[in-house]
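Visitor: Predicted model and sequence below, questions to follow.
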Amino acid sequence: MTAVVDEDTWTARRINRTALLTMTVMVFAWSVDYIDRFSIGMALPLIGREFGVGKTGQGWLVTVFALVYMVCQIPAGFLADRFGARGPMLVTLVLWSAFTALTGMAGTFGMLLVVRGLFGVCQGLFPAASFKAVAERTTPANRATSAGVMLSASGIGTGVAPLIVGPLLMAVGWRHTFFWMAGVGVVIGVVVWAILPKALPERLRSLPRTEVKTPEVSRKQLLKSPVVWKFTLLFCTTNMLSYGLVTWVPSYLQEARGLSLTQTGVAAAIPMLVSIGTTILGGWLFDRYFHDRGRWYLGSVALVTVVLLVLMVNAGSTVEFTVYETLAVGVFGLATMGVFGLPLRVLPTALTGIGMGVMNFGGQVAGAVAPLAMGWLADTFSYTAAFGFLIGSTLLTVLFAFWVPQTPAQFAFASPRPTGVS
């Protein structure tokens, strides 16, 4: 009886308040995630000079993180589904802050690689738990909007990071910069654990059975689902752009355009800050208009982004480069929930952790490939060749957009075939 009375207290106002508080908490957590993760891009030239390594070696600092981060995604999904969201998020936020501090203590380049790999383990457990938190605390009707707000933190983190890290690097050096970021991460971790609201009842956070007619889905069915792996590959191609730009634009602006660290911080921040608004807008647009028409939406957005990237690569001045980069990143921000919107609506809440862990595995393949490939292209040919890599990966996004399903019925998992039935 108590459980029934408790469920009856979930008014529309309380449901919306739960979603709003969840979005706020997750934005702060993801912002710290991105600031800690991508600050290394600003520090790469300084680290390269101190340890005497070229761009390919510098790229390994990002790639080793991404490789370990990638491997952790599916196990992280199991942990999130088994233990819920709150505990794993607190542990990961505190531990990754510890390894952020250890980054500044590494005495050799080899040790730095080890620390960044362990940092990847800690951060790798976070995304599945965060998607689990959103799935438990939102209804399917507003889930893409909520997740879009959460993922807009990528713009906050990658936009704020250059503005904060640039002056810190100049004032205290790259080592002490990571000490400062570590302290902030611990504080945010405790806050996330303390104020994350109670989950919604199951009946409120699942699609009505009349909308998606599927049997109960097991973890084994999910892991073997071709549909889930199609979205995983789609996220791989879309995430190339983010990893590539965040890793190599700061170095490009300093080395090819002659900007100072402070100027680089401002120029690198502008595109990412613009993407905050477009990522949120993209989530709202998906929920409101495109939840069953994701192919054309995502494909069109990606195609416009390709055109803007071509203009960026051929820019004649720093201002022109930054303008086209800003437009490309801003437009592509609209596509984020075109990738995540349908899976977040359809995946059973009990399996959201493992489902999003599988998808994020694909995104981190991009994190392992893009920095290293672009570093090699910049070393061997030019920065133009390196940015050309991103044009190619975004063209693949256009193709894959028309390969994935776009309605809950198309996403549905097949029932196990009864024995003896053809």
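Guide: On my side now, so go ahead.

Visitor: Tell me who's in contact with Ile280.
Guide: Contacts for Ile280 were tallied using CB atoms under 8 Å, 6 or more residues apart in numbering; they are 145, 148-149, 152. (Glycine included, C-beta is placed from N, CA and C.)

Visitor: mind listing which of the residues you listed are in helices?
Guide: Counting by DSSP state H, those place 145, 148-149 in helices.

Visitor: List the buried residues for stretch 380-397?
Guide: By 16 or more other CB atoms under 10 Å, the buried positions in stretch 380-397 come out as 383, 386-391, 393-397.

Visitor: Looking at these, which is nearest Val192?
Guide: Nearest to Val192 among the buried residues of stretch 380-397 is Thr397, at 31.4 Å by CB to CB.

Visitor: Which of the helices or strands spans Pro405?
Guide: Using DSSP states H and E, Pro405 falls within no helix or strand.

Visitor: ok, back up a step: of the contacts of Ile280 - the most surrounded one?
Guide: Among those, the one with the most neighbours (other CB atoms under 10 Å) is Gly148, at 27 neighbours.

Visitor: returning to that earlier point: Val313: which of the buried residues of stretch 380-397 is nearest?
Guide: Nearest to Val313 among these: Phe387, at 4.9 Å, using CB to CB.

Visitor: Return the distance of that closest one relative to Leu241.
Guide: For Phe387, the distance to Leu241 equals 10 Å [CB to CB, to the nearest Å].

Visitor: joint contacts of the two?
Guide: Counting by CB under 8 Å, 6+ apart, the residues touching both Phe387 and Leu241 are Leu309.

Visitor: measure stretch 307-327 end to end?
Guide: 10 Å (CA to CA, to the nearest Å).

Visitor: That stretch: which residues count as buried?
Guide: Buried, per 16+ other CB under 10 Å, within stretch 307-327: 308-309, 311-313, 318, 321-327.

Visitor: May I see those arranged in CSV, with pLDDT and secondary structure as well?
Guide: Putting these into CSV (pLDDT from 0 to 100; DSSP: H, G, I helix; E, B strand; the rest coil) gives the following:
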residue, pLDDT, secondary structure
Leu308, 97, helix
Leu309, 97, helix
Leu311, 97, helix
Met312, 96, helix
Val313, 94, helix
Thr318, 92, helix
Phe321, 95, helix
Thr322, 94, helix
Val323, 96, helix
Tyr324, 96, helix
Glu325, 95, helix
Thr326, 95, helix
Leu327, 96, helix
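
Visitor: Make a markdown table from those and add distance to Ser225 to it.
Guide: Formatted as a markdown table, the buried residues of stretch 307-327 follow (distance: CB to CB, whole Å):
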| residue | distance to Ser225 |
| --- | --- |
| Leu308 | 34 |
| Leu309 | 32 |
| Leu311 | 38 |
| Met312 | 37 |
| Val313 | 37 |
| Thr318 | 46 |
| Phe321 | 41 |
| Thr322 | 41 |
| Val323 | 41 |
| Tyr324 | 38 |
| Glu325 | 36 |
| Thr326 | 37 |
| Leu327 | 36 |
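
Visitor: where does the stretch 1-150 of the chain dip in pLDDT?
Guide: Along the stretch 1-150 of the chain, segments meeting pLDDT under 70 span 1-9, 38.

Visitor: And the helices in it?
Guide: Per DSSP state H, counting those that start in this stretch, the stretch 1-150 of the chain carries helices over the ranges 2-8, 12-51, 55-83, 86-103, 109-124, 126-137, 143-151.

Visitor: most packed of these?
Guide: Mean neighbour count (mean count of other CB atoms under 10 Å) peaks for helix 126-137 among the helices of the stretch 1-150 of the chain, with a mean of 28.

Visitor: re earlier: looking at the contacts of Ile280, which one is closest to Arg86?
Guide: Arg86 has its nearest neighbour among the contacts of Ile280 in Val149, at 19.2 Å by CB to CB.

Visitor: ok so, going back, just the closest of the buried residues of stretch 380-397 to Leu21, please.
Guide: Thr397 (33.0 Å).

Visitor: Check which helix or strand that closest one maps to.
Guide: With DSSP H and E as criterion, Thr397 is part of helix 383-401.

Visitor: Many thanks, I have nothing further to ask.
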